[in-house]
Every structure is written in C-alpha cells, then in structure tokens.
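> no FASTA, just this:
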C-alpha cells in the first residue's frame with residue numbers, strides 16, 4: 001500500500017469520532033474539496049473502508065455514498081410544500097442528469113449531527129451531481145441505477161411505511177448489491193439471484209444497526225433501550241446467516257486485496273457495534289480492527305479465520321441476550337452461524353436457513369426427555385425457532401408458493417434425519 005494511501009487511512013481513523021463542522025463543508029471550494037471534507041462525517045467507518053479501495057472504485061464509491069446521503073436528507077428532513085416522496089425522486093433524477101431542474105430547497109429540521117451533514121450535502125447537490133457526471137460511463141450508469149432504485153424505495157416507504165426488514169433490503173440491500181458489482185468488477189456470478197438475496201440480508205442487518213444506533217424506540221414499539229436491543233438482535237438472526245454466506249462468497253470472488261480489506265473492515269466494525277450494544281467483547285480491539293481487515297484480505301485462509309472470529313462473537317452476543325444470567329462454565333450453542341461453502345449449490349437463503357435450523361436441532365438430545373432441558377439446549381431451541389419464523393417474515397405477504405417451498409425444505413430435512421424411507425406429503429398427494 002502506497003504511503004499516501006496509508007496517510008489517508010490514518011487520518012480517516014483519527015477523525016472518526018471528531019465532531020462534525022458543517023461550516024467546513026460549506027467552505028469547500030470545489031466538488032473535489034467537498035468530497036474530501038464530507039466523506040468521513042457522512043460515512044464514518046464506511047469512509048475508512050472506501051479509502052481501502054483501488055482509486056477508480058474509490059472515486060465512484062465516494063460519489064455514490066454522498067449522493068445517497070442527499071437522498072437521505074430529502075427522505076428524512078424535507079419540510080417543503082411538495083410531497084416528500086415526490087421530492088426524493090426529483091432529487092435522484094437531478095443527481096443522475098435525468099432532469100435539469102433541481103429539487104426544491106430542503107428547509108431542513110436539523111436534530112442530529114448526521115442531519116447537519118445531510119443538510120449541507122443537499123444544499124450542495126450541484127457539486128455532488130458533478131462528482132457523478134465525471135465518472136466513466138459504466139460507473140455513471142451503475143450509480144444512476146442505484147440512486148433511482150434507492151429513491152423509489154424511499155418514496156414507497158414514505159407513501160406506505162414498510163417493515164424495517166423490507167426497507168433495509170430495498171434501500172441498504174440495494175446499496176450492497178451495488179457494492180458487490182463494483183468490488184467484483186462486474187463479474188456476473190458475483191451478483192446472481194442467490195447473491196442478490198444474500199446482499200439484501202446484509203442490508204437488513206445494516207438497517208437494524210442504524211435503528212439501534214439511532215434508538216428508534218417508536219418504530220419498534222418498545223419503551224427502553226434494553227428492550228430495543230433485545231428486539232433488534234433477535235431480528236438480526238436470519239439476516240446474519242445471509243451476511244456470513246455473502247462474506248464467504250466475496251472472500252473468494254473479490255480479486256483486489258484493497259476491496260477485500262474494505263469488506264472485512266466493515267464486517268469487523270459492524271460486528272463490534274452489535275457486541276458493544278449488548279456488552280460482549282468485540283472480536284477485535286479498536287486499535288486492531290483496521291489491521292485485522294488488512295490481514296484478512298491477504299489470503300483465503302486468513303479470511304476464513306476472520307469470519308470464524310466474527311461468528312463466535314455473534315454467537316456470544318445472542319447467547320448473552322437470551323440469557324443475561326449466564327452461569328460460569330455454561331457453553332453457548334456451537335455453530336449458530338455455520339460455514340457456508342461459497343462454491344456449493346443451494347446457497348439460497350431458504351437452503352441456508354433450513355440447514356442452519358436442522359444443525360441446531362441435531363444438537364438436541366436424541367432420547368426421551370427425563371426432565372427439563374439444560375439452559376444451553378433451551379437457547380438452541382429458541383434460536384432455531386427464531387430462524388425458522390424469521391425466514392417467513394422475509395417473504396411477501398400471501399406468497400403461498402414460497403411458503404410451500406420452505407415448508408417442503410423443512411420437511412425434507414426432518415424426514416431425512418428421522419424416517420428417510422417415508423414419503424413426503426407432496427409424494428402422498430401424487
């Protein structure tokens with residue numbers, strides 16, 4: 001890594017927790033100066049990850065991130081006379097050059113530090129538009145598709161509020177699909193239907209992290225921070241399965257070490273956030289997170305070592321949440337988030353959930369119960385239930401075909417373990 005890039009990274013890590021100075025963003029004299037001064041305040045850990053990317057990918061990613069923050073501003077802060085849903089679409093169309101007329105002024109109600117950054121970026125929407133216009137044609141088209149899709153999802157949510165999982169999949173999940181396309185150099189196998197589904201899981205997990213950070217008590221209909229943490233971590237179970245499967249996939253598909261390091265850094269820091277929220281030790285100390293990401297990017301074996309550390313931390317987080325009175329010496333459920341073979345068939349979320357649930361069930365006692373199950377086995381059953389029902393929450397309402405397919409998968413897996421000679425329900429009907 002070049003000394004200049006190391007200096008950028010060092011400054012980024014140093015500035016992560018500095019207070020935002022909106023006046024510095026307003027003073028930026030050019031689009032490039034705005035991009036340099038706004039990236040850390042607008043993206044925080046994501047900004048450090050972007051600085052790890054190769055130069056061409058870095059330039060495109062900065063434009064995409066800042067443009068998405070402009071859309072955030074119009075989604076969350078707009079107070080004008082026009083409808084917010086209409087305005088966020090107008091902002092996206094202006095950013096990508098589809099409409100020469102800029103959206104109306106934001107008239108923002110700034111409540112948080114992040115709101116101040118978004119407000120300034122919306123005010124300087126012309127400069128963000130220039131950053132997109134300068135991109136090569138392929139990059140410009142990728143960003144255009146991203147912004148139109150994200151703005152459409154935001155507008156739909158403003159018109160009819162979605163569940164947090166659905167919103168995360170359509171907004172941040174779409175951003176993850178875009179990121180996979182960029183870091184895998186448009187490899188078509190890197191964004192097939194199964195991988196897109198896994199990317200949506202990452203988006204759902206990221207949205208849960210955002211909601212926990214922002215203490216969205218009303219959205220989750222809870223009264224305390226502890227209740228919010230409990231609710232969110234339980235909802236994290238199914239998206240986390242897809243996240244680990246995607247990370248395993250990207251570890252092999254991503255050719256650039258810088259891009260792999262960027263993915264690793266975001267994975268490490270997001271896991272650390274959830275661990276910190278629950279009170280569990282992070283897999284990497286703060287000063288070793290960037291180093292751990294760079295090391296993980298150097299080879300497949302080291303990548304898998306990193307993933308194993310993250311899985312163990314999430315296991316401990318879930319265990320701690322389900323049983324806050326854990327006794328010394330009690331073991332947590334092993335392999336809650338098992339390794340997923342990135343080259344194997346059946347890496348759809350349905351297959352991953354069924355395999356994971358049945359792996360948990362396989363760890364339960366096989367014989368007749370002679371008393372109460374020990375605490376770790378109770379947790380194992382609870383987690384299996386949450387995973388199974390969580391997979392139903394991801395389906396479209398009324399999608400009976402998807403429900404039937406999932407039910408058949410569960411039945412097939414169960415019958416193969418208990419009575420492989422008996423026919424399935426579908427076979428009896430035929």
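Cool, got the structure. Keep in mind it's a predicted model, so treat the numbers as computed, not measured.
> okay, CA-based contacts and neighbour counts for the rest of this
Will do.
> Residues in contact with stretch 230-243: which ones?
197-199, 201-202, 204-205, 208, 212, 220, 274, 318, 321, 337, 349, 352-353, 383, 386-387, 390-391 (CA atoms under 8 Å, 6 or more residues apart in numbering).
> Any of those buried? List them.
The neighbour-count test (16 or more other CA atoms under 10 Å) marks 197-199, 201-202, 204-205, 208, 212, 274, 318, 321, 337, 349, 352-353, 383, 386-387, 390-391 as buried among those.
> Rounded mean pLDDT for stretch 268-279, please.
What stretch 268-279 shows for mean pLDDT is 94.
> where does the chain dip in pLDDT?
For the chain, the stretches flagged by pLDDT under 70 are 1-8, 10-15, 81, 109-111, 186-191, 323-347, 397, 418-430.
> top helix in it by residue count?
Longest helix in the chain, counting residues (DSSP state H): helix 225-253.
> tell me which strands and helices whatever helix or strand comes next after it is in contact with?
The C-terminal neighbour of helix 225-253 among helices and strands, as given by DSSP states H and E, is helix 257-278. On a contact count with 3 or more CA pairs under 8 Å, 6 or more residues apart in numbering; DSSP states H and E, helix 257-278 meets helix 45-51, helix 193-213, helix 225-253, helix 289-296, helix 300-322.
> how much space is there between the spatially closest residue to residue 304 that is not a sequence neighbour and residue 127?
Of all residues not flanking residue 304 in the chain, residue 248 sits nearest, at 7.4 Å (CA to CA, 6 or more residues apart in numbering). As judged by CA to CA, to the nearest Å, residue 248 and residue 127 stand 37 Å apart.
> what helix or strand is residue 396 on?
Using DSSP H and E, no helix or strand contains residue 396.
> so how many other residues sit close to it?
Close neighbours of residue 396, defined as other CA atoms under 10 Å, add up to 11.
> Please apply the same query to residue 51.
24.
> Identify the residues contacting residue 282.
Each residue near residue 282 by CA under 8 Å, 6+ apart is listed here: 271, 272, 275, 276, 313.
> how near is the first one to residue 176?
If I follow you right, that is residue 271. 17 Å.
> Setting aside sequence neighbours, what's the nearest residue to residue 79?
residue 107 (5.5 Å).
> Isn't the one you found up against residue 76?
No: using CA atoms under 8 Å, residue 107 is not in contact with residue 76; the gap is 11.4 Å.
> More neighbours: which of those two?
Neighbour count, other CA under 10 Å: between residue 107 and residue 76, residue 76 has more, with 17 against 14.
> Which phi and psi values does the residue nearest to residue 79 adopt?
Dihedral pair for residue 107: phi 50, psi 50, per degrees, to the nearest 10.
> Just list the residues touching it, thanks.
77, 78, 79, 80.
> Number of residues surrounding residue 395?
Residue 395 has 13 neighbouring residues, counting by other CA under 10 Å.
> how does this structure divide into domains?
According to automatic domain parsing, the chain comprises the domains 1-159, 162-330.
> could I get these as CSV with distance to residue 412?
Formatted as CSV, these follow (distance: least, CA to CA, whole Å):
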stretch, distance to residue 412
domain 1-159, 36
domain 162-330, 20
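> Tell me which of the ones you listed sits nearest to residue 402.
For residue 402, the closest of these is domain 162-330, at 13.9 Å, according to CA to CA.
> Tell me the buried residues in stretch 86-100?
86, 87, 88, 89, 90, 91, 92, 93, 94, 95, 96.
> Over to stretch 172-189?
For stretch 172-189, burial by neighbour count (16+ other CA under 10 Å) applies to 172-184.
> Restricted to helices, list these.
Among those, the members found in helices (DSSP H) are 172, 173, 174, 175, 176, 177, 178, 179, 180, 181, 182, 183.
> Just give the nearest non-adjacent residue to the first one, would you?
For residue 172, the nearest residue in space outside its immediate sequence neighbours is residue 203; the separation is 4.4 Å by CA to CA, 6+ apart.
> how close does that neighbour sit to residue 241?
12 Å.
> ok, these two, which is more surrounded?
Legend: neighbour count by other CA under 10 Å for residue 203 and residue 241, higher for residue 203 (27 against 24).
> who touches the more buried one in this structure?
Counted by CA under 8 Å, 6+ apart, residue 203 has contacts 168, 169, 170, 171, 172, 173, 174, 175, 176.
> chain center to stretch 197-208, what's the gap?
With CA atoms, centre = their mean, to the nearest Å as the basis, stretch 197-208 stands 4 Å off its chain's centre.
> An error on my part: the question was meant for stretch 31-50.
Taking CA atoms, centre = their mean, one finds the center of stretch 31-50 at 19 Å from the center of the full chain.
> ditto for stretch 301-312
On the basis of CA atoms, centre = their mean, stretch 301-312 sits 18 Å off its chain's mean C-alpha point.
> Equivalent analysis for stretch 100-111, please.
Using CA atoms, centre = their mean, the offset of stretch 100-111 from its chain centre is 27 Å.
> same deal with stretch 67-75?
With CA atoms, centre = their mean, you get 18 Å for stretch 67-75.
> now do stretch 71-88
On CA atoms, centre = their mean, the centre of stretch 71-88 falls 24 Å from that of its chain.
> now swap in stretch 396-411 and tell me
So, by CA atoms, centre = their mean, the centroid of stretch 396-411 is 25 Å from its chain's centroid.
> count of neighbours near the closest residue to residue 271 other than its chain neighbours?
Excluding its sequence neighbours, the residue lying closest to residue 271 (CA to CA, 6+ apart) is residue 310, at 6.7 Å. When counting by other CA under 10 Å, one arrives at 22 neighbours for residue 310.
> repeat for the one 3 residues further on
When neighbours are defined as other CA under 10 Å, residue 313 has 21 of them.
> looking at it, it is touching residue 278, isn't it?
No: Residue 313 is beyond contact range of residue 278, at 11.0 Å (criterion: CA under 8 Å).
> Quick check: buried residues in the longest helix of the chain?
Buried residues in helix 225-253, counted by 16+ other CA under 10 Å: 228-251, 253.
> What of stretch 147-166?
Quick answer for stretch 147-166 (16+ other CA under 10 Å): 147-155, 157-158, 164-166.
> Of those residues, just say which sits nearest to residue 29.
Of all those, residue 147 has the smallest distance to residue 29: 25.1 Å, by CA to CA.
> Helix or strand: which one has the residue of the chain most remote from its centre?
Using CA atoms, centre = their mean, the residue of the chain lying farthest from its centre is residue 370. It sits 42.8 Å away. For residue 370, there is no enclosing helix or strand under DSSP H and E.
> quick one, phi/psi of it?
phi -110, psi 10.
> Could you pull up the residues touching it?
Applying CA under 8 Å, 6+ apart to residue 370 gives no contacts.
> Look up how far residue 380 lies from it.
Separation of residue 370 from residue 380 (CA to CA): 18 Å.
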